[in-house]
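Engineer: Structure, please.
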Amino acid sequence: GFKKSTKLSSAIWLSLLMFVISGLKFYGGIVLSLILGGMILIRIIRKDNIRLRILQLIAIFIGDILAKSLFYSSAGAAGIPFTWAPFALTHVLLDDPILFTNLNWTLARYYLYENGGFRSPRLIAIESYSILLLAIMNFGTRLIGLFTLVIAQIRKTLNVDDLVIILVIIFTFLMPVLFVQDGGWFNTMQFLYYGVFFASFYAGRVLAHIITHKRIYIRIIAYLIIILTIPNCIEQLRYITAPQNLIPDTELVALKKLEQAAPGIVFISNPEFKNAIVPALSGKIAYYLDVDQLMVTHIDYESRRQEMINLKRKDLLSLPVKYFYIYKNEEISPELINELKDAKEASILAETPELIIFQR
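Structural biologist: Residues are numbered from 1 along each chain as shown. From the prediction side, this is the model:
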């Protein structure tokens, strides 16, 4: 539909699509903007309805900016959350005991970095091996599709839209190889998941071609590739069937009461690694929560973090908050609960087996 698009309405739909995808997933928005932007630029270069293509390009940009402004910007946030750190993630493959640990290569790598760096062919070989491991671990048998794309490009038979997608796949692979993310430093891997997804289509195209080949030994290769793919599929099922961290029904009832209560800021016990369940489902603002997200958005949280570390139970009511969301299973919770129960200015809003909510 995009290739044949000649209507002005296509720009509106592209803007809406960009807004929704960027809002749902930050990484998906970047990948989609690169794919659509690349395809549109090629059409502009080919002078294919230039006025409409420029309008589509502007529409994509507007949809992306609006989504990022609405969903990812916060007061005090600044800068992009990615830091240049070549091979930080690939080094883990050789350093982690549960992966492909190789102590000798790890020690050699550290030594070579201190003595000559990439002037050493051995260091280049070690880093290349780590990068190859990352590609095999994530793409697996999908690599067959990428190889055929490279061959097609060499032969000058590659469709330009396919060229855009393969360049984006390369981008998604290079992001975790060369960058880390503030907060969850390994989160640049999420770019690669999109590259793996697109590579699946090209691998499927290759398999569909060779599995119908008239020569039996060619078809056997296709069957072998399918068999080699099965272990990864089983591994993915493990993630799907793993126990999920669900919110108890009783907590949902308590959150509903908090949502219906008057506006106010919420203190959440042990907030360092809590997720955004409370503000998301209650519509209330958290006083301090989820350090990973604060780091990603470059918000200066250190002063408030120190305040939480030094907070004594008798100082709890000195905080500029209206609600106290206390989980009962934490070490300091009994003291906090007793302090709030004894306070004349605090009363219980809701209580469940897991938690108790006080309000001023």
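
Engineer: now the strands for this protein?
Structural biologist: Counting by DSSP state E, the chain forms strands over residues 82-84, 179-181, 265-268, 285-286, 323-327, 347-351, 355-359, given from the N-terminal end onward.

Engineer: possible to save those strands as a markdown table with distance to L41, mean pLDDT and mean neighbour count?
Structural biologist: From N, CA and C alone the C-beta is placed, and that goes for glycine too. Compiled in a markdown table, the strands of the chain are given as follows (distance: least, CB to CB, whole Å; pLDDT from 0 to 100; neighbours: other CB atoms under 10 Å):
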| stretch | distance to L41 | mean pLDDT | mean neighbour count |
| --- | --- | --- | --- |
| strand 82-84 | 23 | 85 | 12 |
| strand 179-181 | 24 | 87 | 21 |
| strand 265-268 | 46 | 89 | 21 |
| strand 285-286 | 42 | 87 | 18 |
| strand 323-327 | 49 | 89 | 23 |
| strand 347-351 | 55 | 89 | 16 |
| strand 355-359 | 52 | 91 | 23 |
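
Engineer: Of the ones you listed, which is nearest N102?
Structural biologist: strand 179-181 (21.8 Å; CB to CB).

Engineer: helices and strands around that closest one, which ones?
Structural biologist: Counting by 3 or more CB pairs under 8 Å, 6 or more residues apart in numbering; DSSP states H and E, the packing neighbours recorded for strand 179-181 are strand 82-84.

Engineer: got the contact list for the strand it packs on?
Structural biologist: With CB atoms under 8 Å, 6 or more residues apart in numbering as the test, strand 82-84 has contacts from M175, L178, F179, V180, Q181, D182, T188.

Engineer: confidence score at the nearest residue to the fifth one once chain neighbours are set aside?
Structural biologist: Sequence neighbours aside, N187 is the residue nearest to Q181 in space, at 4.2 Å (criterion: CB to CB, 6 or more residues apart in numbering). According to the prediction, N187 has pLDDT 85.

Engineer: so how far is F198 from N187?
Structural biologist: Distance from N187 to F198, counting by CB to CB, to the nearest Å: 19 Å.

Engineer: OK, contacts around the closest residue to I225 other than its chain neighbours?
Structural biologist: For I225, ignoring the flanking residues on the chain, the nearest one in space by CB to CB, 6+ apart is T141 at 5.0 Å. By CB under 8 Å, 6+ apart, the contact list for T141 reads A203, I225, I226, L228, T229, N232.

Engineer: again, but for Y217
Structural biologist: Under the contact definition (CB under 8 Å, 6+ apart), no residues are listed for Y217.

Engineer: on that earlier part again, test my guess that the residue nearest to Q181 contacts Y193.
Structural biologist: No: with the criterion set as CB atoms under 8 Å, N187 and Y193 do not qualify as a contacting pair; they are 10.8 Å apart.

Engineer: Settle it for me: which of these two has more neighbours?
Structural biologist: In terms of neighbours (other CB atoms under 10 Å), N187 is the more surrounded of N187 and Y193; the figures are 20 against 15.

Engineer: give me the number of residues near Y287?
Structural biologist: What Y287 shows, counting by other CB under 10 Å, is a neighbour count of 20.

Engineer: meant to ask about L24, not that
Structural biologist: Other residues close to L24 by other CB under 10 Å number 11.

Engineer: Please tell me how far it sits from F71.
Structural biologist: In this structure, L24 lies at 9 Å from F71, with CB to CB as the measure.
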